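S.K.: only geometry, no sequence info:
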């Protein structure tokens, strides 16, 4: 009986944890999060942050903890790929501008 109670308590937690995407995110960003083919998102530690950058929104897809020197892809509201940050080359610029200096973090919209 104790085992049943244990699972009865935990089951709602598992069911509600599946969809963690911020409802304000554009549909194409939500689609990329749900189906990140080619983005190299890890099963652990991946997240998407929303930044204000060069007068528009920039969504940074941080790949997580499954490898070294992985790159984070940056997309607009319309899912236009602006470039990558990090990676083996250690890139820090998007559109020729230092992203870390020009971007302002707004919020995390999804986290694994």
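M.R.: Yes, it's here. Keep in mind the model is a prediction, meaning the values are calculated, not measured.

S.K.: Which residues belonging to stretch 52-59 are considered buried?
M.R.: Across stretch 52-59, burial judged by 16 or more other C-beta atoms under 10 Å covers 53, 57, 58, 59. Placement of C-beta: from N, CA and C, glycine included.

S.K.: So for that stretch, mean pLDDT?
M.R.: Average pLDDT, stretch 52-59: 97.

S.K.: So residue 39, which state does it fall into?
M.R.: Using DSSP: H, G, I helix; E, B strand; the rest coil, the structure places residue 39 in coil.

S.K.: how near is it to residue 92?
M.R.: Going from residue 39 to residue 92 by C-beta to C-beta, to the nearest Å gives 19 Å.

S.K.: what do you get for residue 53?
M.R.: As judged by C-beta to C-beta, residue 53 and residue 92 stand 13 Å apart.

S.K.: Now for those two: what residues contact both?
M.R.: Taking C-beta atoms under 8 Å, 6 or more residues apart in numbering as the contact rule, residue 53 and residue 92 both touch residue 99.

S.K.: hmm, back to that, pick the one among the buried residues of stretch 52-59 closest to residue 24.
M.R.: When those are ranked by distance to residue 24 (C-beta to C-beta), residue 57 comes first, at 10.1 Å.
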